[in-house]
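[1] need the 3D shape of this:
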Amino acid sequence: MPSSSRMMWEINQQEEELFNQSEGMFNLQVAQNEREEDEERRRRDDKAHSYRVIQAVAQISRPSRSANLDRSRMERHLFNKIMIAVCNHDSYFVQKKDAFGVMCLLLEQQITAALRMLAYRASADQVDEIARMGKSTILKSLMRFCRVIESMYTT
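    Presented below is the predicted three-dimensional model:
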């Protein structure tokens, strides 16, 4: 019997050793999981911190906006009234199709170009990029616009 009790003791000892090893491995796994979570948390915090720093720098370097200026611009309803009157008086300002069947310039483009040249004393060179029109077309629109306005409002 003493040998069986010794065997039982050895088995219990082995079970306890296995239990301790498994518990140790479990503790190692828990510690590793905690380290990974800490690293992930640190990465997120670093990323959030970097984002806040970038925002702060961008805010500092961003120029401040100036107040809106009253530029005494033409009101939309007045522009539309002039545009309709000009279109009814001269068929040049009506949008047509060209030889390829593509729609030509908008009447708003033509009238805006003419008004810009008159209002700002601009040349056709200055207006052509804004209006996206050729210089000769801008000058023709200006001449036609002036003739229409003169004939409509001088009578």
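
[2] and the next element down the chain from the helix or strand of the chain with the lowest mean pLDDT?
    In the chain, the helix or strand scored least confidently by mean pLDDT, DSSP states H and E is helix 2-61, which has a mean of 72. Following helix 2-61 in sequence order, the next helix or strand is helix 76-89 (DSSP states H and E).

[3] following that following helix, which helix or strand comes up?
    According to DSSP H and E, the helix or strand after helix 76-89 is helix 107-120.

[4] orientation of that following helix relative to helix 76-89 in degrees?
    Angle between the axes of helix 107-120 and helix 76-89 is 110 degrees (criterion: axes from the mean of the first three to the mean of the last three CA atoms, to 10 degrees).

[5] now the element after helix 107-120, going C-ward?
    Assignment by DSSP H and E places the next element after helix 107-120 at helix 124-131.

[6] now that following helix: buried residues?
    In terms of neighbour count (16 or more other CB atoms under 10 Å), helix 124-131 has its buried residues at 124, 127, 128, 131. All C-beta spots, glycine's among them, are computed from the backbone N, C-alpha and C.

[7] residue 143: which of those is nearest?
    Set against residue 143, the nearest of the buried residues of helix 124-131 by CB to CB is residue 124 (11.2 Å).

[8] can you check the pLDDT for that closest one?
    pLDDT, residue 124: 87.

[9] residues touching the nearest residue to residue 122 once chain neighbours are set aside, list them.
    Of all residues not flanking residue 122 in the chain, residue 116 sits nearest, at 5.7 Å (CB to CB, 6 or more residues apart in numbering). Residue 116 sits next to 122, 127, 130, 131 when contact means CB atoms under 8 Å, 6 or more residues apart in numbering.

[10] contacts only, for residue 149.
    Residues in contact with residue 149 (CB under 8 Å, 6+ apart) are residue 86.
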